[in-house]
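Trainee: here is the input, now give the coordinates:
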Amino acid sequence: MSRRSGRWATTRCSSPSSPERTPTAVAGAPATELFPGIRLRPLWKGENGAGADVVEFGPGSCWQGKDVHEPGPEEVYVVSGVFNDGFKDYPAGSFIHAPAGSWHIPQSRTGCTLFVFYPEG
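Mentor: Just a heads-up that it's a prediction; the model follows:
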């Protein structure tokens with residue numbers, strides 16, 4: 001897919017896999033418990049510190065302390081459930097941009113799954 005003139009265009013063709021791509025199956029990514037009920041599944045880490053993770057929150061789980069976004073921003077997409085940043089609920093399908101230096105206290109009453117991207121580490 002490519003974007004031209006504000007519209008997406010789809011090109012159909014077959015091509016060999018690109019060696020630059022790094023696919024990872026979420027189910028196959030090892031899970032590490034960060035806090036009770038909160039699991040991190042790292043998907044990708046770039047040379048400059050950038051990274052992509054899936055974070056799973058069990059029902060009633062809460063981050064311990066403030067999560068400060070350093071050195072760069074945090075980009076969050078709520079895949080399923082309802083995420084709360086300590087201030088507001090975000091249902092599935094929500095996108096949240098947290099600028100560098102901002103903070104929140106991640107939590108979920110019902111449980112949720114997030115895709116999190118750190119463009120600057």
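Trainee: could you use CA atoms for every contact and neighbour count after this?
Mentor: Will do.
Trainee: pull the longest strand from the protein.
Mentor: Taking DSSP state E as the criterion, the chain has its longest strand at strand 74-84.
Trainee: quick one: average pLDDT of it?
Mentor: Mean pLDDT, strand 74-84: 98.
Trainee: which positions in the very next helix or strand once past that strand come out as buried?
Mentor: Next in sequence after strand 74-84, counting helices and strands by DSSP states H and E, comes strand 89-91. Residues of strand 89-91 classed as buried by neighbour count (16 or more other C-alpha atoms under 10 Å): 90, 91.
Trainee: what helices and strands are in contact with whichever helix or strand comes after strand 89-91?
Mentor: As assigned by DSSP H and E, the chain's next helix or strand after strand 89-91 is strand 95-98. Applying 3 or more C-alpha pairs under 8 Å, 6 or more residues apart in numbering; DSSP states H and E, we find strand 95-98 packed against strand 74-84.
Trainee: in terms of secondary structure, what does the strand it packs on contact?
Mentor: strand 89-91, strand 95-98, strand 107-108, strand 112-118.
Trainee: residue 20: which of these is closest?
Mentor: strand 112-118 (18.3 Å; C-alpha to C-alpha).
Trainee: average pLDDT for that closest one?
Mentor: Rounded mean pLDDT across strand 112-118 is 97.
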